[in-house]
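[1] One predicted model, sequence on top.
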Amino acid sequence: MSSLFSRSARRASLSHIRRIAPVPPGSATGVVVRVYGQMEAEFGMLAPPVALHAAAPETLAAVWMMLRETLLAGDPADRAAKEAVAAAVSRANACPYCVEVHGAAFAGVGGDGLSSGVVTGHVDQIDDPWLRELTMWAAASGHRAAGARRRAPFEVDRAPSFIGVAMMFHYINRMVTVYLGESPLLPIPRGGHALARRMAVRIFGHFARVGLPAGLATELLPAAPAPEDLAWAATGSAMADALARGFHAVDRAGTAAIPSQVRAVVATGLDDPDATPPGLLIDDWLAGHLTGVAPADRPLARLALLTAWAPHRVTDTDLADLRAAGLDDAALIRVTAWSSLAAARRIAVRLFDDLHR
């Protein structure tokens, strides 16, 4: 099933990628081939939210490794709850593509009767009190003000699993918003959506019910020390190891692609407890952040800031301006991946800090 489905899904999957050129399996080399092989074997297909990173191979490896160890690996009994977190975070971030995919996966692993409430945000439709609280926690996880977030319905020992998934989807939602279409069903005629959703539930459910051993993807990248902001992960676990390697790879690629002054501007804004996302006056908001940034670096800083704060505000013109300045697909991926992960990492730290209040 996996081989036949994955082969037939390749072209459709890669067709979802926009603004950059996808890397087809036949053109892939090196670590991209290894990631594609693992992804098709374990997830069932070349997942577009991961495959879109292929122009930057080290970033592709990092994202696949981190997603695998947070969402896919481990006890299959936890998968429904993890998929609920993924769908709820994605809905809160207005990422319909990820809501569609992970709502189907949630239904496929036994949450079919609850999937409507998880996907639509109507938590009153979720009968299970713990799952209802988990979904509400995930949906509020991106709020910067502590009072706007929800108390976690789990103990500290379970924090790595759920914070890991929440963090990864705050990352993935940003990248999907910039580089994918609104829905994985868009190429399908409207009359076929119901059938496509039923097939997605069956296929994703099949793969999600298979327990994957932890740690098998960590060989894709070299070992790296755990940074301070990874204290929430279970020290010594395969997930903590994968995240340390992934963080290091994305940081290293971002450092090479983004001037230090621009990285500092993004980090300062994300660390400021009083900072707010851009409203309707996007140019005024950007001007406030870009003061002091060299004029030549402002288009890149604009992309980095918008990706971290408001990825839906990234435009074709933003990317065209950077291409005119010499950035290729690999550089664009490295800039947006660094910015997305910078935002997601800070969310994870806040969620962990909440457990100790």
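    The structure has been received and is ready for your questions. Numbering: from 1, shown residues only.

[2] Could I get the average pLDDT for stretch 295-303?
    Averaged across stretch 295-303, pLDDT comes to 97.

[3] Report the buried residues of it.
    Of the residues in stretch 295-303, those buried under the neighbour-count criterion (16 or more other C-beta atoms under 10 Å) are D297, R298, P299, L300, A301, R302, L303. Heads up, the C-betas are built off the backbone N, CA and C, glycines and all.

[4] Can you classify the first one by secondary structure?
    Following DSSP: H, G, I helix; E, B strand; the rest coil, D297 is assigned to helix.

[5] so it touches R263, yeah?
    No - at 10.6 Å, D297 and R263 do not qualify as touching, with contact defined as C-beta atoms under 8 Å.

[6] wait, what's in contact with H289?
    Under the criterion of C-beta atoms under 8 Å, 6 or more residues apart in numbering, the neighbours of H289 are V265, G269, A301, L305.

[7] Now with 10 Å, please.
    Residues touching H289, when contacts are defined by C-beta atoms under 10 Å, 6 or more residues apart in numbering, comprise V265, V266, T268, G269, A275, P278, R298, A301, R302, A304, L305, W309.

[8] try D321
    If you count contacts by C-beta under 10 Å, 6+ apart, D321 has them with R298, P299, L300, R302, L303, T315, L327.

[9] The fifth one and A73: what is the separation?
    When distance is defined by C-beta to C-beta, to the nearest Å, L303 is 32 Å away from A73.

[10] Check the spatially most central residue of the chain and give its pLDDT.
    By C-alpha atoms, centre = their mean, the mean C-alpha position of the chain lies nearest to I172, the distance being 1.6 Å. Taken from the predicted model, the pLDDT recorded for I172 is 98.

[11] H356 touches V156, doesn't it?
    Yes - with contact defined as C-beta atoms under 10 Å, H356 reaches V156; the gap is 8.0 Å.

[12] host element of the residue nearest to the centre of the chain?
    When elements are defined using DSSP states H and E, I172 is found to belong to helix 159-179.

[13] same deal with H102?
    Per DSSP H and E: H102 is located in helix 96-106.

[14] phi, psi of the nearest residue to Y179 once chain neighbours are set aside?
    In space, Y179 comes closest to L52 once its chain neighbours are excluded; the distance is 4.7 Å by C-beta to C-beta, 6 or more residues apart in numbering. Reported as degrees, to the nearest 10, the phi and psi values for L52 are phi -60, psi -20.

[15] Spit out the contact partners of L52.
    L52 neighbours (C-beta under 10 Å, 6+ apart): 13-14, 16-20, 22-23, 46, 60, 63, 172, 175-176, 178-180, 329, 333, 336-337.

[16] Among those, name the buried ones.
    Among the contacts of L52, those classed as buried by neighbour count (16+ other C-beta under 10 Å) are 13-14, 16-17, 19-20, 22-23, 46, 60, 63, 172, 175-176, 178-180, 329, 333, 336-337.

[17] Sort out which of these are in helices and list them.
    For the buried ones among the contacts of L52, membership in helices holds for 13-14, 60, 63, 172, 175-176, 178-179, 329, 333, 336-337, with DSSP state H as the criterion.

[18] Where does the prediction get shaky in the stretch 1-150 of the chain?
    Judged by pLDDT under 70, the stretch 1-150 of the chain has its weakly predicted residues at 1-9, 11, 110-116.

[19] ok, now with 50
    Judged against pLDDT under 50, the low-scoring parts of the stretch 1-150 of the chain cover residues 1-2.

[20] quick one, helices of it?
    In order along the chain, the stretch 1-150 of the chain carries the following helices (DSSP state H, counting those that start in this stretch): 2-14, 30-43, 48-51, 57-67, 79-92, 96-106, 115-120, 129-139.

[21] just to revisit the earlier point, can you put the contacts of H289 in a markdown table and add secondary structure and distance to A56?
    As requested, the contacts of H289 are exported to a markdown table (DSSP: H, G, I helix; E, B strand; the rest coil; distance: C-beta to C-beta, whole Å):
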| residue | secondary structure | distance to A56 |
| --- | --- | --- |
| V265 | helix | 22 |
| V266 | helix | 18 |
| T268 | helix | 25 |
| G269 | helix | 24 |
| A275 | coil | 28 |
| P278 | coil | 26 |
| R298 | helix | 23 |
| A301 | helix | 19 |
| R302 | helix | 20 |
| A304 | helix | 15 |
| L305 | helix | 20 |
| W309 | helix | 22 |
